[in-house]
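[1] sharing a model that was predicted from the sequence below.
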Amino acid sequence: MVFSCDSLQKLARGLPAIAFFVVGGAGTASAEIDFNEAIRPLFNRHCVSCHGGVKKASGLSFLSREEALAEGKSGMRAIVPGKSGESHLLERVRSSDPDERMPPPEHGPALSQIEVATLKQWIDEGASWRDHWAFEAPVRPAVPEVSDPDWCQSPVDRFVMRRLDEESLAPNERAQKSALLRRACFDLTGLPPTLDQLDRFLRNDRPDAFASMVQEFLNSAGFGERWAAMWLDLARYADSEGLGVDSRRETWAYRDWVIESFRRNKPFDEFVIEQLAGDQLPHPSTEQLVATAFHRQTQSNGEGGTDDEEFRLAAVMDRTSTTWEVFQGLTFGCVQCHSHPYDPIKNEEYYQFLAFFNNSADADLGDHWPKLRVPLDRSSYGQEAKLRGRIGSLREELTAEVRRRVSETEWRKLESSQVKASSEGNGVRLLDTEEGLEFHSVGNIAAGTRYDFEIRVPADMQSVTALRVDLMPVDEGAARHTPEWGGVLSRIELEMRLGGEEEFKPVELARVLGDEAEPVMNPNESLKKGSGGFGAMSKIFQRRSCVLLPVEPVSLRKGGVLRLRLKHELQALGAFPLVTQRGSLSLSDAEHWTAFNGTGHWENLRTELTEAEKAYRDIPATTVPVMRDRPAHLQRENRLFERGNWLEKGAVVEPGVPAFLPPLPPEAPRNRLALAKWLVSEENPLTARVAVNRFWEQLFGYGIVMTLEDLGSAGEKPSHPELLDWLAVYFRDDLQWDVKELLRTIVLSSTYQQEARASAAMHERDPLNRLMARGPRRRLKAEMIRDAALSVGGLLSKKQFGPPVRPPLPGGVWKPFSNDPWKTDEDDDRFRRAVYVYWKRSIPFPSLVTFDAPSRELCNQRRLPSNTPLQALVTLNDPVFVEAANALAERMREHDSSLVEQLRYGHRLCTSRFPEDARLREMLDLYAQLENTYEREKVKDVPDIEIAALRAVASVLLNLDESLSK
Amino acid sequence: MTSYSLLETPEKEHLTAITRRHFLRHCSTGLGGLWLASQGARALAAGGGKPPIVHDPASPLGTLASTISPKAKRVIYLHMIGAPSQLELFDYKPLLQKLDGKDCPEEFLEGKRFAFIRGVPKMLGPQYPFQNHGQSGAWVSDRLPELAKCVDDLCFIKTMKTEQFNHGPAQLMVHTGSASLGKPSIGSWVTWGLGTPNENLPGFMVLISGGRLPRVGKSLWGSGFLPSVYQGVQCRSVGDPVLNIANPKGVTRNVRRAALDGLNRLNAMTYESMGDPETLTRIAQYEMAFRMQISVPEVMDISGEPAHMHELYGTQPGKESFANNCLLARRLAENGVRFIQLFDWGWDTHGSNKSESLNGGFLDKCRQVDRPIAALLKDLKRRGMLEDTLVVWGGEFGRTPMRENRNGREMKFVGRDHNPNAFTLWMAGAGIKSGMSYGETDPMGYQAMENPVPLNDFHATLLHLVGLPYEQLYYPFQGLDQRLTGVKHSQVIHDILA
């Protein structure tokens, strides 16, 4: 089949879906049809919404060759390879009968002639199928021959020039040195170059002059802050918890970890592994645990009456989709309810993947437990890790011993005839079961409920050395995956009455032994005042056990009675009283409990633990929420959700990765660490591509694949597929994930160093600069706008790290839902870089959000730059920018007494270059106009007209298009 | 100044004239072609396919024609944050009165989740007397005497339903069609779809009363994946009406004008040398900001309204109040703002304390909104604006016919828990059948029985009224044509249209 090139292009203009095929195949129209370039987009556009992952109408789907070639419910075959005449599909798409035609008229327009012809040719050629390009591992492509090899400084330029050659375009000349330095300095450090840097660069004529400046930028402290700003959008980092109450949440240690990781050039694979599974590395360092706060940035809901399990799962689902978005560049959230509409991801694979995250200990609890204490002084990190390690192993050892003894003890079962139960609050009743005596709540669960059990101790028991109290879900089968509200024993009291006596006397309890090494609350709190203690907080998935050890074994004469009081005082979210709904009681007279309780080995361990815990608490620290998994015996059961609804569970699933990607190594454990290693393995086709695409986007404004968030089949095609693959393999294999080297390679390319200027015709031909026949020119990002203004005003604080800062805010902004006062920093902290500004999700910092910073409730992959009047109001009137403009005017005045020199200096500070004469004249004119206006108007509060006019000029300089761009 | 001698005055004037002419020529006409060329560039940049709506990037709020003839030119949406009790206002249930104090029947509790109710609660009869009003005979309780006089202009939907029973997600459901964050709000969709007639004001403005922001804050008026220029602009009655709208101290309007003239000329020079159309857009945005600096404070200043207007609405200039916001809503509507969103906080009547109870705070809230809402309706009607203004009133869900028994205990104050199964919303004005009630709840007012209206149908209806068929209003994002109505099939409720 042959089309004339002309008609092809004419047709293609109306058909974005196949435009790429036409461009790629220029002059080779009769060549074999490429499935990924011509056919898959056609299926996605016209067919898959009914014949795809969501709906498989008539049993037909176009997601895989197998499904597309199979017989439909009608018994006919849509596609018979090599035989377009027998392919029912062609008949249907060509039909003029509206009842027959596909897609049906109400769903969309008919296929164009060229699309039908393309389909026909493809079927006749055998209907070959290929995986979507991004799902096949990148292979290092050959570096192409180009028209001007001298222009090319690296393979990057070869791939770019090859495309320019195809388009008969030449690259722009190299940018002016000042413009180039400005571009690289903002890109690498987020700040404008200093005048000293500019001078040094302009004076340096050596061929490596630019490279040495780039080296300086890569080494600078600002590098970490600039790149952290990118990553924190992905990590949805914020200083507040989000949804509902949006209270402050202490988590800035993670922000500092990101800054430090970039500055110290942590290899990207380690960067990924530590964030996803730092806690599962052997003997994790403080930093490796802080890194796991990446997935603790999920929102939590403290609104009264919200269900902790619902929002625990919301966080787990967020972790699932964020992992896909950040590291695999695919949208995964939609697979929660149904198979992926375009990409080969099945509904159950969503839940297999979710299972990696479903066993974490966190559970939407109010204080963001579990948290790590992060020493404020970094030199104490080693001490923290050592003490934490010791504490952890002591707790493990003690808990394991308790669990061993509990299971080996022959507990004396009780019967209801031996026990008298009463209660305050809701009711209680006893139930004899094969397992022993159970107690159940009766009626509405009431806050502050107390259960009293009077136990007639069996006559043959000489003494009681231990009491065991178990808490169970009412429905143990369902609770394993869909938990019930738990219960917390806020206070446990034991009393005894000997035979013949009237009064109960208190029995002193030595300790409460729980069943997990790292509980939310110390079980011994049950013995003290306060609402905490042993229990299932705030939900119960499976039976929980504790053992009460009296200080001395309780000796009871015949007829002796024990009275056990279980008080509940905790309520979750002001709405759910954490009252035990089902439990059991049993006794032991085994002597080993007394031994365990007494002096000797175990007591020595306990003493050591107490001391270590005290030493640990004494390290001055901030805290950060971290990832930790529940112990094996408390694991949650993973199940599908029916239609995405967490209240309706389906079949059991095990952790796993989708089948369209390479499998996990068979011997690997099914945990987050294995998952993280799989992501950065050589076999994973996506991670390296997604990463280099992101870095490219930061430098050029657009990714090689423009849809950073979707490298799947519904995303945009790469503008330079071979460049993307070359960079991916280079980054992963040659550079061993070295981020700074990757950035250096790109920044030192001729492509990056081009002049940004372009003709109107070129802007019309390539408005987004996809061909890269010119250098990138973009408005500064939100953080850079603020930091640059402070920097040129000479105000910017160099202080790094620490708690978030609160610069001046315009009045009326700060009306938080919960108590969270904004105390404006009065010292230099008000001039810290934007990355340190307190980030509250419900009230994002106005000057940042106006320049397209996201509020970071969810992973944000890409900021789409806008250009709005509200931005003008920020840079003209916001108190911070007014302060910066005034400071700039002062700098200009101090610089020189001549107005011309002042203006030249100010212009250079703001735009990194001296103004040419015409601009200078314009600025002088502006100054004169302003001076006149001030004179004429006799403005109040303006004692010095010259200063006022210069300040107004400085404000104009800050607002120049050039000042706001790089 | 000494250095000033660099340029002789005549030469300078000449130069000024040249650049000004140059600038004007380029910016007003000559560059139209370029703007057209970069049309849709942003949409392309957003990825996926091409959205059905493309704005001139230099004038992103410019009016676009709708594809069907719109009944409503603008929308005023009054949201009572916290969910007002339909059972004390509009949904009269005599049977519930009879069951007052009795245990709730098991069938109401089976398989239901509540935010605060535990175990078996008691039924709670309507707390205030109801009466028929107007020719339509609509039931309204004695808590809203002024609004009761307007019932013949209203269309009640008694059977609104939602999927969420916590405030945050439920508010998001109402305003973005989705319980998760990151989706555009109704106002953003409408402003994106239609632009706005007065480009000197934002197309979508938000006014807040009741002393607190809604829980999810600005996400309720966010633009989600739509360009940020379509997000709601929150206006304040204290301080700057719009953030940073006032010039800093010592900068007069003429000083600012002179500064902007210089800025524009310098930026025009940048454009000439670099050729980046974004520079032109920036010039246009600075000019619009300058115009907004006049138009926003002007429209937000109610002190010039005549005394009888203040009497009608119950307004006091300079205060933050729902009444002031109602009067402002009328002024914004008059001045061509497309979507006006009012949030009034304080309707969450659980009975957990005095201010959040049906026998406490609820009385104050009713008093605070009754007169202003009636005034707004009357005022719009008098000005002939009710014909092309759609007014919507509602909350994020309804309240239970059971009395709340938080923590399983009887509470000191009287209140009701959250009920997503039925709530009342009313609409008035453009294209709406007035004096009618749509849908029936069960005799307890617990479930929507006849003609239930899920939120996506309400959204489809609202979009229909402003001239945007919901199927055609989509934005390609994350591989899906995203809609306010979500992926579900929705239907316009034709029965309530005039």
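    Structure's in. What do you need?
[2] where does the stretch 251-400 of chain B come near chain A, residue by residue?
    B:251-252, B:254-256, B:258-259, B:261-263, B:265-267, B:269-271, B:273-279, B:281-283, B:285-286, B:288-289, B:292-293, B:352 (Cβ under 8 Å from any Cβ of the partner chain). For glycine as for every other residue, the C-beta is placed from the backbone atoms N, C-alpha and C.
[3] just to be sure, which of those are found in helices?
    Among these, the members falling in helices (DSSP state H) are B:254-256, B:258-259, B:261-263, B:265-267, B:269-271, B:273-274, B:277-279, B:281-283, B:285-286, B:288-289, B:292-293.
[4] quick check, the residue in the stretch 201-350 of chain A closest to chain B?
    In the stretch 201-350 of chain A, the residue that lies nearest chain B is residue A:305 (3.0 Å; Cβ to the nearest Cβ).
[5] phi, psi of that residue?
    In terms of degrees, to the nearest 10, the main-chain angles of residue A:305 are phi 80, psi 0.
[6] pretty sure residue B:330 sits against residue B:381.
    No - at 10.9 Å, residue B:330 does not count as touching residue B:381 under the criterion of Cβ atoms under 8 Å.
[7] compare neighbour counts for those two and give me the winner.
    Neighbour totals were compared for residue B:330 and residue B:381, and residue B:330 leads with 23 against 16 (other Cβ atoms under 10 Å in any protein chain shown).
[8] leaving out chain neighbours, which residue sits closest to that one?
    Once flanking residues are discounted, residue B:330 sits nearest to residue B:379: 5.4 Å by Cβ to Cβ, 6 or more residues apart in numbering or on different chains.
[9] what helix or strand does residue B:205 sit in?
    Here residue B:205, judged by DSSP states H and E, is contained in strand B:204-209.
[10] in the sheet, which strands lie alongside that strand, parallel or antiparallel?
    strand B:233-235 (parallel), strand B:339-345 (parallel) (DSSP bridges).
[11] next up, the contacts around the residue of the stretch 201-350 of chain A closest to chain B.
    Counting by Cβ atoms under 8 Å, 6 or more residues apart in numbering or on different chains, residue A:305 touches A:573-575, B:114-116, B:166, B:417-418.
[12] SS state for the residue nearest to residue A:664 when sequence neighbours are not counted?
    Leaving out its chain neighbours, the residue that sits closest to residue A:664 by Cβ to Cβ, 6+ apart is residue A:678, at 5.3 Å. Here residue A:678 is helix, with the state taken from DSSP: H, G, I helix; E, B strand; the rest coil.
[13] and the residue of the stretch 201-350 of chain A closest to chain B, how far from residue A:680?
    Distance, residue A:305 to residue A:680, by Cβ to Cβ, to the nearest Å: 42 Å.
[14] cool, residue A:872 as well?
    For residue A:872 relative to residue A:680 (Cβ to Cβ), the value is 44 Å.
[15] neighbour count winner among the two?
    Comparing residue A:872 with residue A:680 by other Cβ under 10 Å, the one with more neighbours is residue A:872, at 26 against 21.
[16] and the angle for the one helix or strand that one maps to with helix B:253-274?
    Under the criterion of DSSP H and E, residue A:872 resides in helix A:869-877. Angle, helix A:869-877 to helix B:253-274, by axes from the mean of the first three to the mean of the last three Cα atoms, to 10 degrees: 110 degrees.
[17] quick one: secondary structure of whatever residue of the stretch 701-850 of chain A ends up closest to chain B?
    In the stretch 701-850 of chain A, the residue that lies nearest chain B is residue A:842 (3.1 Å; Cβ to the nearest Cβ). Secondary structure, three-state DSSP: residue A:842 is coil.
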